[in-house]
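Enquirer: Would you be able to build a 3D model of this:
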Amino acid sequence: MPSFAACTLATIITNIVSISFGDVDGTLAFEINGRLSPVAYFFANTADLFILLCVVELGLSFLRALGIKGHHRIICYSTFLVIAILAILTISVLGADEDYTTKTINSNFDGNISWVPVGDLYGSWNIIYWVSSQATTALSVFVLYSSVRQKRFGSVST
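Expert: Prediction:
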């Protein structure tokens, strides 16, 4: 998340500098904000994907350590599939948002450009991420339940 914070800080500094140097119509600040905001969200979304992947792999490792046999490969491969879909959507969102910014700047803000495709991509990314994080929560609950059940029947180390 440091990259997201750095891009957001750069956007704020750009706004302050732009206003102080007399950029009254805000075109410089708008362009820099339009270019940096998607990059910041790209880094934040990429970090979220790695965190999701690490949590799932950690949960599967706990299950293996507890000696629970199950569908580890199915969970692992389905996680990789969801992460791949989200990574493709992350790159698509970045490209669509940058394209929207370029078209908006080149059209002199006449208002004929729609943000709906970019918003749809952001929305689909958020929905898929929410569903996958619910599945990760269910996996965490299962690991916790398995650990408690294992301790009840005997030592985990045996």
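
Enquirer: Would you mind identifying the helix or strand in this protein with the lowest mean pLDDT?
Expert: Using mean pLDDT, DSSP states H and E, the weakest-scoring helix or strand in the chain turns out to be helix 2-20, at a mean of 70.

Enquirer: Geometric centre of this protein: which residue is closest?
Expert: residue 45 (2.2 Å; CA atoms, centre = their mean).

Enquirer: Name the nearest residue to that residue, sequence neighbours excluded.
Expert: Nearest residue to residue 45 in three dimensions, chain neighbours excluded: residue 90, at 4.6 Å (CB to CB, 6 or more residues apart in numbering). Heads up, the C-betas are built off the backbone N, CA and C, glycines and all.

Enquirer: now residue 113
Expert: Leaving aside its sequence neighbours, residue 113 sits nearest to residue 103 (CB to CB, 6+ apart; 4.9 Å).

Enquirer: what separates that neighbour from residue 80, distance-wise?
Expert: Distance, residue 103 to residue 80, by CB to CB, to the nearest Å: 35 Å.

Enquirer: Helices of the chain, residue ranges please.
Expert: Here the chain has its helices, by DSSP state H, at 2-20, 27-65, 72-106, 116-153.

Enquirer: on that earlier part again, burial check on the residue nearest to residue 45, number of neighbours?
Expert: For residue 90, the count of nearby residues is 21 (other CB atoms under 10 Å).

Enquirer: and what of residue 80?
Expert: As a burial measure, residue 80 scores 12 neighbours (other CB under 10 Å).

Enquirer: Starting from residue 74, give me the distance back to it.
Expert: Taking CB to CB, one finds residue 80 at 11 Å from residue 74.

Enquirer: which outside residues touch stretch 76-95?
Expert: Here stretch 76-95 makes contact (CB atoms under 8 Å, 6 or more residues apart in numbering) with 38-39, 41-42, 45-46, 49, 52-53, 56-57, 60, 118, 121-122, 124-125, 128-129, 132.
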